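**Student:** The amino acid sequence is not available; the structure is as follows:
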Ligand code: SF4
């Protein structure tokens, strides 16, 4: 495995160092100190075991036994499943397409067409776009937010007031940190809607398989994503299901390849990607050949919910792009909708660990007046994920992000997700309506406070 590629922003590494390794080093230092002071021969200590439960998904280190799990999410495993003749389906994220587009000097749409040609030539049976499943998660998120908002305003009868702010759930780095470090107080704030990766996973294994008359256990579903944390997300127990009690366990997403690993695949197969033929696309595309999607790689969540809630609940039309105001830095921005000098909708986006730590501290102190928070672990959001293609020599990270932002929205028809014909079809044929029992079963999940095993060992 190419762990040398697991390099995250230094801010995150420092945070992880503080949170994860510092207590361990302190205990080791104490032990060394004691041994030295008493001039006794140093006793052989039991090795400290670190399990996946201790991982903060920083991509900065790796545990031992769990490498087996992660090896299952590798290029070799992907190729071996193709060789075995399994029904392989690939779902590609728009952030990965943007990264490859900038790397090759192509448009995102061209990349998608060429990737379709590439994967088909390798034997992949179907290729999907996770912008489409993102529309599904956005609709469910709008619905969940409206329920919480109405209950918080006392305009709807609910058993108990669900807390606001509602916090986005699409980033596994943030979820991992919340579960392992912040624990039970924060979890009720987090939206129960699955991420776009797990949503496409559930659609493929529970709906498309049925449509194609294929057993879900016979399908090997791979996603192409901008970060390594998505591998950990795919492996969560919450995203494994059984058709019936005696049947084998099925993963919604069997394997995740990062954008960088797809680049490795092209190099391995000596593919001339730039001159590769462009295949026709069948899904998530309008009559003029534009892909459905929303503006902005990460900001799409708050912008879509803000606009929708203003229209449906407050009867206010928010026209044009939503202007977020920078608060401390470009990774902490907010927008507020005022009615009669009162803020009726206050949303913020908060990227990177330093900003997210500040905002959760405020929340804990009862000083957070936002209605919705989009929290993402990476500074600049998913376009800057640890699995993306690195900047070219001489290119700054900032320059690369600007190019990625442009490539991300190129050829995208910015549509209201409620008008996406594929999503409409999924509700009418399968899910019934947003927030229905079926939607809850397939598109929502739960979070669990995790007791870190290393902490208990250190306490002992
Ligand atoms: S913000 Fe970073 S860690 Fe979170 S999903 Fe995006 S790329 Fe992954």
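**Tutor:** Perfect, I can see it now. Here the structure is a predicted model, which means the values were calculated and not measured.
**Student:** count of neighbours near residue 316?
**Tutor:** Neighbours of residue 316 under the rule other Cβ atoms under 10 Å: 14. Every C-beta, even on glycine, is put in place using the N, C-alpha and C of the backbone.
**Student:** Can you tell me how far it is from the ligand?
**Tutor:** Using Cβ to the nearest ligand atom, to the nearest Å, residue 316 is found at 30 Å from the ligand.
**Student:** The residue nearest to residue 195 when sequence neighbours are not counted: what's it in contact with?
**Tutor:** Spatially, and ignoring its direct neighbours in sequence, residue 195 is nearest to residue 170 (4.3 Å; Cβ to Cβ, 6 or more residues apart in numbering). Residue 170 makes contacts with 137, 195-196, 301, 376, as judged by Cβ atoms under 8 Å, 6 or more residues apart in numbering.
**Student:** Show me what counts as buried in stretch 74-94.
**Tutor:** Residues of stretch 74-94 classed as buried by neighbour count (16 or more other Cβ atoms under 10 Å): 74-75, 77-79, 81-82, 87-94.
**Student:** typo on my end, it should be stretch 169-188
**Tutor:** For stretch 169-188, by 16+ other Cβ under 10 Å, it's 169-182, 186-187.
**Student:** Equivalent analysis for stretch 214-232, please.
**Tutor:** So stretch 214-232, judged by 16+ other Cβ under 10 Å, has buried residues 214, 216, 219-232.
**Student:** What is the burial count for residue 272?
**Tutor:** With other Cβ under 10 Å as criterion, residue 272 counts 7.
**Student:** State the phi and psi torsions of it.
**Tutor:** In terms of degrees, to the nearest 10, the main-chain angles of residue 272 are phi -90, psi 90.
**Student:** Let me know the pLDDT of it.
**Tutor:** As summarised for this prediction, residue 272 has a pLDDT of 96.
**Student:** quick revisit: just the buried residues of stretch 214-232: which are in strands?
**Tutor:** 219-225 (DSSP state E).
**Student:** Spell out which parts of the stretch 101-250 of the chain neighbour the ligand.
**Tutor:** Taking Cβ under 6 Å from any ligand atom as the criterion, the stretch 101-250 of the chain approaches the ligand at residues 171-173, 226-227, 229.
**Student:** Pick out the residue in the chain sitting closest to the ligand.
**Tutor:** residue 385 (2.7 Å; Cβ to the nearest ligand atom).
**Student:** tell me the contacts of that residue?
**Tutor:** 95, 225-227, 258-259, 378.
**Student:** Would you mark the buried spots in the helix or strand hosting residue 407?
**Tutor:** Element membership for residue 407 (DSSP states H and E) is helix 397-409. Across helix 397-409, burial judged by 16+ other Cβ under 10 Å covers 400-401, 403-405, 407-409.
**Student:** Which of the residues of the stretch 101-250 of the chain next to the ligand fall in helices?
**Tutor:** Per DSSP state H, helices hold the following members of these: 172-173, 229.
**Student:** for the stretch 101-250 of the chain, what spans make up the helices?
**Tutor:** 108-122, 130-153, 172-177, 196-203, 209-211, 229-234 (DSSP state H, counting those that start in this stretch).
**Student:** Can you lay out these as CSV showing mean pLDDT and distance to residue 370?
**Tutor:** CSV is the format used below for the helices of the stretch 101-250 of the chain (pLDDT from 0 to 100; distance: least, Cβ to Cβ, whole Å):
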stretch, mean pLDDT, distance to residue 370
helix 108-122, 94, 31
helix 130-153, 93, 12
helix 172-177, 94, 15
helix 196-203, 97, 23
helix 209-211, 93, 39
helix 229-234, 93, 24
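**Student:** Could I get those in CSV, plus columns for distance to residue 278?
**Tutor:** Shown next, in CSV, are the helices of the stretch 101-250 of the chain (distance: least, Cβ to Cβ, whole Å):
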stretch, distance to residue 278
helix 108-122, 3
helix 130-153, 18
helix 172-177, 32
helix 196-203, 22
helix 209-211, 26
helix 229-234, 26
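**Student:** That's all I had, so thanks and see you.
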